[in-house]
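Participant: Take this sequence and fold it.
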Amino acid sequence: MSAHVFRDRRDAGRQLAVMVATVADASPAPHTLLVLGLPRGGVPVAFEVATLLAAPLDVLPVRKLGLPGNEEVAMGAIAALNGEVAQVVDYDLLQREPAAALLLDRVIRREYTELLRRRRRYRGERPPLDVAGRDVILVDDGLATGATMRAAVLAVRQGHARRIVVAVPVGAADRCARLRTEADACVCVVEAGNLFAVGAWYAEFSQTSDEEVATLLAESERRLQHQLPAASGQR
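Facilitator: Down below sits the predicted model:
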């Protein structure tokens, strides 16, 4: 792999936004655009995309279902859109890990509890998300296993979105290809044959905090209401 492609998530978002704008401009109904960041790391990226497109920004809570004893490996993922939960499961993996299969329901319950906490923390008193008939852009900071993004796509599809665009700064090439069959489009600045780790493509990849997510959502809402100029890029 070459040197870092992105300075940080905000820089990645600005690079991604330029590519997403081309896809968004092709929409016959641009006023229906809605940008959803996958918390937490996807929100700073999504903020820049929403700013460039002058589109509303919100969050779609998702949680990876980590393999017990090796949490970095995804057994699947869940996403919550209002009262509905979308779930994707890697059944091939569970056939190879029968002990983990027995714990799947327990992991889902645990992650759903955390998902609800984050939804309350990030969305607060916002009204329920209504994606019906809208062009939804789903944004994360990278696509490794693709499990959380697939759950997000499924949730938004079940919510009757008109069009779904997946947008990430960097993704594994095979995962991007799969998402193109599940979403209507997948925009990726860098498609890597060997991704290794999403953070390896960033010079700065510290954890995004709950406070930063809340701040960015509030700032995006203020800018949209007052039609302020696009972000200068300073953090």
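Participant: quick one, helices of this protein?
Facilitator: 9-25, 42-53, 91-96, 98-123, 147-158, 173-182, 210-226 (DSSP state H).
Participant: Name the residues of stretch 11-20 that come out as buried.
Facilitator: By neighbour count with 16 or more other CB atoms under 10 Å, stretch 11-20 contains the buried residues 11-17, 20. Where C-beta positions appear, they are placed from N, C-alpha and C, glycine not excepted.
Participant: dump the residue contacts of the spatially closest residue to residue 103 that is not a sequence neighbour.
Facilitator: Nearest residue to residue 103, sequence neighbours excluded (CB to CB, 6 or more residues apart in numbering): residue 68, at 5.2 Å. Contacts for residue 68 (CB atoms under 8 Å, 6 or more residues apart in numbering) come out as 99-100, 103, 107.
Participant: What's the PyMOL line that selects buried ones from those residues?
Facilitator: Command for PyMOL that selects the buried part of the contacts of residue 68, burial taken from 16+ other CB under 10 Å:
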select buried, resi 100+103+107
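Participant: before we move on, the earlier item: out of the helices of the chain, which is the most enclosed?
Facilitator: Ranked by mean neighbour count, the helices of the chain are led by helix 42-53 with a mean of 27 (mean count of other CB atoms under 10 Å).
Participant: give me the low-pLDDT residue ranges for this structure?
Facilitator: The chain contains residues with pLDDT under 70 at 1-3, 26-30, 227-235.
Participant: Return the list of strands paired to the strand ranked longest in it, each annotated with direction.
Facilitator: Assignment by DSSP state E gives strand 70-81 as the longest strand of the chain. As defined by DSSP bridges, the strand partners of strand 70-81 come to strand 62-67 (antiparallel), strand 84-89 (antiparallel).
Participant: wait, which of these is closest to residue 207?
Facilitator: The closest of the strands paired with strand 70-81 to residue 207 is strand 62-67. By CB to CB, the value is 14.8 Å.
Participant: what's the neighbour count on residue 36?
Facilitator: Counted with other CB atoms under 10 Å, residues neighbouring residue 36 total 31.
Participant: Can you report how many residues lie near the closest residue to it other than its chain neighbours?
Facilitator: Nearest residue to residue 36 in three dimensions, chain neighbours excluded: residue 60, at 4.3 Å (CB to CB, 6+ apart). Neighbour count for residue 60, taken as other CB under 10 Å: 31.
Participant: before we move on, the earlier item: buried deepest among the strands paired with strand 70-81, which one?
Facilitator: Of the strands paired with strand 70-81, strand 62-67 is the most buried (mean count of other CB under 10 Å), at a mean of 23.
Participant: Just the residues contacting that strand, thanks.
Facilitator: 38-39, 72-80, 89, 93, 97, 100, 104, 107-108, 111-112, 114-115, 145, 147-149, 151-152.
Participant: one step back: include distance to residue 199 when you put the buried residues of stretch 11-20 into a markdown table, please.
Facilitator: Shown next, in a markdown table, are the buried residues of stretch 11-20 (distance: CB to CB, whole Å):
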| residue | distance to residue 199 |
| --- | --- |
| 11 | 14 |
| 12 | 11 |
| 13 | 15 |
| 14 | 18 |
| 15 | 16 |
| 16 | 16 |
| 17 | 21 |
| 20 | 22 |
